[in-house]
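>>> After the sequence you'll find the predicted model.
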Amino acid sequence: MLTADRLVSPARLREFFAPRSVAVVGASETSGWARFLFASQAAAGFDGPLIPVHPRHATVFGRPAVPSLRDLDDPVDLAFVMTPLEAVEGVLDDAGAAGVRGAVVLASGYREVGDDGHALQEQLTAKAAGLGITVLGPNCPGFLNAHERTAPFALYITPPLQAGPVGVALQSGALAAVFLAFARAHAIGVSTLTSLGNEAMIGATDVIDYLIEDERTKVIALFLEGIPAGFAAAAERADRAGKPIVALKAGSSEVGSAAALAHTGSVAGNDAVVDAALRQLNVVRVTSIEELLTTAAVLGYSRWPTGRRMGAVTTSGGACDIIADRASAERIELPAFSEPTAAAITEHLPPFAEARNPLDVTGYFLANRRTAALTPVDAALSHAVADPGLDFVLYSGLSVPDVKPDEAAARVLEERVAWLADQLESAPIPVIATTSTCVDLSGYGRELLGRHDVHLLGGIDLGIRAVGNALRWLDGRGCISRTAVVLPAAAQISRTGPWPEFEARDLLTAFGVNPVPTFSVNALPGVRDAVAEFGYPVVLKISDDEVTHKSEVGGVALDLRTEADVTAAFERLSAISDHLTVAPMRTGGVELLAGVTVDPTFGPVLAVGLGGIWVEALNDVSLRVLPVDPDEIRRMLAELRGYPLLTGARSQVAADLDALARVISGVGQAACSLGSALRSFEVNPLWVNGDKIEALDILVITE
């Protein structure tokens with residue numbers, strides 16, 4: 001018997017996703033699923049045996065049927081099971097007896113319906129594993145492999161199915177058809193598209209690993225409803241292999257109630273954590289299907305730029321304005337053309353036009369009779385790609401008609417497309433071609449561009465956003481492993497709930513973080529002794545394990561400068577709690593938050609931001625999944641809008657950022673030392689004044 005991991009290994013999935021023969025179990029002419037599947041196989045150009053299996057039909061769609069998989073003359077590579085749920089396990093028994101090694105299960109009623117369905121799914125998985133059958137689903141419409149010309153896929157595919165560099169995996173069924181429709185409309189070819197269903201056996205990470213090893217897949221596009229187990233490790237493998245992952249992550253789960261007890265839990269919501277984690281893993285997160293596939297197209301079809309300096313060549317001044325705005329939003333530079341480049345371009349412009357970047361060659365040439373296939377916008381591109389100050393050029397100069405024009409115009413257009421194909425392949429720097437707006441390509445346009453291997457992005461706005469996404473991936477490539485650090489051994493914790501302050505202080509001290517000096521007091525004479533030790537001004541606050549936000553219950557008295565202030569504060573606070581603490585008042589500097597909460601998917605997450613009373617009001621927070629090293633924490637600090645306060649703005653004393661990063665690293669280490677008992681760990685405020693760094697208030701919650 002094969003082990004479960006071998007049943008979903010990349011080698012096994014290469015076989016699974018390229019079946020040369022398929023049996024459709026439960027196929028009938030009254031089934032819409034069966035009708036779609038047979039049509040999808042035709043759209044893909046499948047020419048192998050496609051055998052209906054039904055106990056009561058002699059033929060289905062004109063094809064001879066057999067009563068059972070056991071009646072096949074030869075084993076098929078894949079059984080597509082579209083029987084009712086109660087018959088599925090029997091079909092798997094038949095498949096095992098017939099030597100079938102792969103199955104897609106369409107039926108629903110498993111994990112998605114609750115505990116009873118979950119038990120049925122576990123039973124199904126165990127049976128399949130025992131029989132050595134790799135299963136996709138259940139609750140799954142199937143997959144397609146355009147390069148292998150096969151599509152056991154029970155949803156409609158509009159022909160033709162275009163093969164290409166984009167591998168797609170979706171935690172959705174019906175959306176697969178939507179993906180394919182947009183891809184077809186914009187001539188984005190796919191390698192393998194997989195709807196994952198309930199992921200009983202083949203999961204998202206298994207498909208990612210398969211796509212990493214698939215030479216015909218250049219980029220991986222994901223639609224995720226949840227982050228699958230093992231995703232971080234799979235993303236690291238993809239990054240090492242140079243395979244970009246672009247993900248549309250929908251939805252978010254609830255923040256755990258224990259984590260929400262701390263400020264950290266309220267600012268590190270699950271979707272914010274997902275966003276931070278994906279950036280850490282160099283996964284490009286997008287917000288729409290259009291952006292997902294267009295970004296994948298940039299990375300799958302274009303030569304990759306080596307920098308952010310973009311030249312832009314268009315036929316419209318308005319387009320130049322849009323390009324400039326979108327480039328600024330994506331942090332793409334638009335440097336001036338070099339003098340030789342500008343001079344060469346100027347020769348092709350009308351007298352009133354100027355050779356500047358982004359370039360509008362104007363529509364002036366449209367009023368003149370054409371004497372050659374190439375136009376001024378093409379000539380401008382040929383000069384721009386030689387500019388030493390550019391890393392790539394965005395070209396928006398070609399439009400393709402909906403229908404084939406007359407023969408003379410068609411020959412001119414063909415020559416221009418062939419010329420552009422040569423530029424895309426051999427120009428000194430990458431050329432990224434785009435249409436002006438996100439319009440669908442006609443059949444004529446797809447055929448013409450496809451014949452010359454020319455890909456046009458779907459519009460300037462969406463195209464530049466996709467280019468920005470691609471550049472972010474290129475910036476982050478190969479950097480995932482640099483944040484790896486060794487976590488401390490987890491302690492065995494039996495305490496549930498908030499810790500006493502003195503225990504929290506001792507834990508922080510053990511990891512190199514200095515708490516502010518503090519005296520515990522329960523009577524006014526003790527307060528006076530502390531004041532004598534510290535001097536004025538002082539802070540008086542309650543020390544109650546059950547009060548996690550002292551300021552919200554009036555449990556903190558700040559900046560006490562006289563004995564009368566101290567006495568009045570003591571009388572007020574002692575009415576709230578019998579346990580008080582006194583500490584010196586820290587003035588000047590900057591107050592930060594450094595907290596760790598636990599995300600149900602990614603585990604401990606570090607939040608760093610402006611602290612004190614401003615945490616939730618400003619929400620100026622940077623997040624990372626732990627572990628991270630001090631260098632990464634320096635990058636977190638630099639992401640804050642309040643970062644200038646740490647570098648000496650507004651007459652502030654510049655913080656020792658290296659020391660601060662080490663201290664925050666210590667907070668993360670202390671939190672991780674609590675192991676699975678950790679619920680929340682927060683230092684707020686963490687006071688920073690030059691090289692003086694102290695934890696002014698500490699909250700630790702375990703379970």
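In hand now; what should we look at?
>>> Point out where the stretch 151-300 of the chain drops to low pLDDT.
Flagging of the stretch 151-300 of the chain using pLDDT under 70 yields the residue ranges 252-269.
>>> at 80 instead, please
251-270 (pLDDT under 80).
>>> can you give me the strands for it?
163-170, 190-195, 219-224, 245-249, 283-286 (DSSP state E, counting those that start in this stretch).
>>> who wins for proximity to His452 among those?
strand 163-170 (14.5 Å; C-beta to C-beta). Bear in mind the C-beta positions are built from the backbone N, C-alpha and C, glycine included.
>>> what's the angle from that closest one to strand 245-249?
Note on geometry: by axes from the mean of the first three to the mean of the last three C-alpha atoms, to 10 degrees, strand 163-170 and strand 245-249 are set 40 degrees apart in direction.
>>> which neighbours does strand 163-170 have in its sheet, and in what orientation?
strand 190-195 (parallel), strand 219-224 (parallel) (DSSP bridges).
>>> who wins for proximity to Ala296 among those strands?
Closest to Ala296 of the strands paired with strand 163-170 is strand 219-224 (C-beta to C-beta; 4.4 Å).
>>> Please save the CA atoms from the closest one in CSV.
The C-alpha coordinates for strand 219-224 follow below in CSV (Å, rounded to 0.1, in the frame of the first residue of the first chain):
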residue,chain,number,x,y,z
VAL,A,219,3.9,31.3,-12.3
ILE,A,220,1.4,30.0,-9.8
ALA,A,221,-2.0,31.7,-9.3
LEU,A,222,-4.1,30.8,-6.3
PHE,A,223,-7.6,31.5,-5.1
LEU,A,224,-7.7,30.8,-1.4
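>>> got the contact list for it?
With C-beta atoms under 8 Å, 6 or more residues apart in numbering as the test, strand 219-224 has contacts from 165-172, 175, 179, 204, 208, 211-212, 238, 243-250, 289, 292-293, 296, 299-300.
>>> what's the residue of the chain most remote from its centre in contact with, if anything?
Outermost residue of the chain with respect to the C-alpha centroid, by C-alpha atoms, centre = their mean, is Pro525; its distance is 58.0 Å. Neighbouring residues of Pro525 by C-beta under 8 Å, 6+ apart: there are none.
>>> separation between it and Thr562?
Counting by C-beta to C-beta, to the nearest Å, the gap between Pro525 and Thr562 amounts to 17 Å.
>>> Which positions within stretch 565-582 qualify as buried?
565-566, 569-570, 573-574, 576-577, 579-582 (16 or more other C-beta atoms under 10 Å).
>>> Equivalent analysis for stretch 320-335, please.
For stretch 320-335, burial by neighbour count (16+ other C-beta under 10 Å) applies to 320, 322-324, 326-327, 330, 332, 334.
>>> One more: stretch 661-680?
If you call a residue buried by 16+ other C-beta under 10 Å, then stretch 661-680 has these buried ones: 661-675, 677-680.
>>> what does stretch 101-121 give?
Neighbour-count burial for stretch 101-121 flags 101-111, 117, 120-121 (criterion: 16+ other C-beta under 10 Å).
>>> quick one: which of those residues sit in strands?
102-105 (DSSP state E).
>>> Tabulate those residues (JSON lines), appending pLDDT and distance to Glu591.
Supplementary listing: those in JSON lines, determined by pLDDT from 0 to 100; distance: C-beta to C-beta, whole Å:
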{"residue": "Gly102", "pLDDT": "98", "distance to Glu591": "59"}
{"residue": "Ala103", "pLDDT": "98", "distance to Glu591": "59"}
{"residue": "Val104", "pLDDT": "98", "distance to Glu591": "57"}
{"residue": "Val105", "pLDDT": "98", "distance to Glu591": "56"}
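>>> can I get those residues in a markdown table with distance to Thr647?
Formatted as a markdown table, those follow (distance: C-beta to C-beta, whole Å):
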| residue | distance to Thr647 |
| --- | --- |
| Gly102 | 59 |
| Ala103 | 60 |
| Val104 | 57 |
| Val105 | 58 |
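>>> ok, so of the residues you listed, who is nearest Asp93?
Ala103 (11.4 Å).
>>> returning to that earlier point: same list (the buried residues of stretch 101-121) but as CSV, adding distance to Asp599.
Shown next, in CSV, are the buried residues of stretch 101-121 (distance: C-beta to C-beta, whole Å):
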residue, distance to Asp599
Arg101, 38
Gly102, 35
Ala103, 35
Val104, 33
Val105, 32
Leu106, 34
Ala107, 33
Ser108, 30
Gly109, 31
Tyr110, 27
Arg111, 22
Gly117, 27
Leu120, 30
Gln121, 26
